[in-house]
Structure formats: structure tokens, C-alpha cells
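S.K.: Sequence unavailable; structure follows:
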């Protein structure tokens, strides 16, 4: 053991370039760019129209199949179910509505105002044979779930071969196709 309890194992070799590996010369530039983006966004949003007309709002939606049903789930946080409308045709489901802001008081002085408001309308295709008479919609904790029974397997479904021009095939894959 060396002086003061320091062993050779506890010493770290000095690397004069280690400090440079943590330095990002563009970080300051990125910081300035983010500040400028915020400034321009604030400037562009400072028109005289109501806030709910300035921002385009498109709710996030996911779609999947489950137990013979086609399910569409839409995130509608802060919305009242009476402000949402679901319609259906033999070809599509339409979800539309409007999220409105509470009236701003004169005492509020916003630092950030990033929540979007406004009207939206989303159209989702239905497969042939969907049982639109059995469509159900439920709204729970800001999530709208639309469920449509669909045929288990579409009769007209077929696999489409994808053509490639000039693209090299991955080794092994081409040989497997030739052997088949």
C-alpha cells in the first residue's frame, strides 16, 4: 500500500483527451436553436384569433383486432363524451369532436401554452363484411374505444409478391427461393 492509503489499483491513468470526449461543440448551437424555435412558436401563436382556432389538434389513435373485432382506440384527454360523435357507413368509421379551452381570465399570464384545442375529424376504413349494426363505442377516462365485429378471415385476402429491381438479395434468401 502506498502513501495515504492509495494503491496502484485506485489510481486512474490521466488521459488529456477525456475532457474533450464529453464536450459537444454543437450543444450550445442546439440550445440556441431550441430557444429560437420557442421564440418563433410564441410569435406565430400571438395572433388575435382564439387559441382553439390556432392549433390543429389530431388525437392519437391505435387500431388492432381482438377476438373477431376491429378496435379503434382514440386518446381524448380532457374531453366530455358529449363533445364526441361516432358515425359509421358500410365503408368507414368517423370519429369527430371538439376540445375547447376554458375561458382565459385576465389574471392569467402564461409562460407556456402547449395544450392544443380545436375540432378534429378522423376517418377509418372498414373491411368488407364488417357488422356495422353491432358497432359499439365506449368512453372511459379520456379513451374512446370503438369496436366493430369483422369476419375472422377475409375471403378475398391473398399474398402479393413484392418485385425487386436492381436490389441485391440477402445471401441465403435467394438460394432458399430458388430451391422452393
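M.R.: Right, received. Where do you want to start? Source: prediction; values computed, not measured.
S.K.: Confidence-wise, which helix or strand of this structure is lowest on average?
M.R.: helix 51-54 (a mean of 44; mean pLDDT, DSSP states H and E).
S.K.: next helix or strand past it?
M.R.: The helix or strand immediately downstream of helix 51-54 is strand 61-66, counting by DSSP states H and E.
S.K.: And for that following strand, what's in contact with it?
M.R.: Strand 61-66 is contacted by residues 70, 71, 72, 73, 74, 75, 95, 122, 124, 150 when judged by C-beta atoms under 8 Å, 6 or more residues apart in numbering. In this view, the C-beta of every residue, glycine as well, is placed from N, C-alpha and C.
S.K.: mind redoing it with 10 Å?
M.R.: 70-76, 93, 95, 122, 124-125, 127, 144, 146-147, 150, 152 (C-beta atoms under 10 Å, 6 or more residues apart in numbering).
S.K.: Just the ones of the residues you listed in helices?
M.R.: Within the contacts of strand 61-66, no residue falls in helices by DSSP state H.
S.K.: What subset of these is buried?
M.R.: For those, a burial check counting by 16 or more other C-beta atoms under 10 Å picks out 70, 71, 72, 74, 76, 93, 95, 124, 144, 146, 147, 150.
S.K.: from memory the fifth one sits against residue 86, does it?
M.R.: What it means is residue 76. No - between residue 76 and residue 86 there is no contact under C-beta atoms under 10 Å: 11.3 Å.
S.K.: Show me the common contact partners of those two, please.
M.R.: With C-beta under 10 Å, 6+ apart, residue 76 and residue 86 have common neighbours 95, 97, 139, 144.
S.K.: Show me which of the residues you listed is closest to residue 36.
M.R.: Distance to residue 36 across the shared contacts of residue 76 and residue 86 (C-beta to C-beta) is lowest for residue 97, with 34.4 Å.
S.K.: For the closest one, give the beta-bridge partners.
M.R.: Applying DSSP bridges to residue 97 yields these beta-bridge partners: residue 84, residue 120.
S.K.: what residues are up against it?
M.R.: By C-beta under 10 Å, 6+ apart, the neighbours of residue 97 are 57, 59, 74, 76, 79-86, 118-122, 144.
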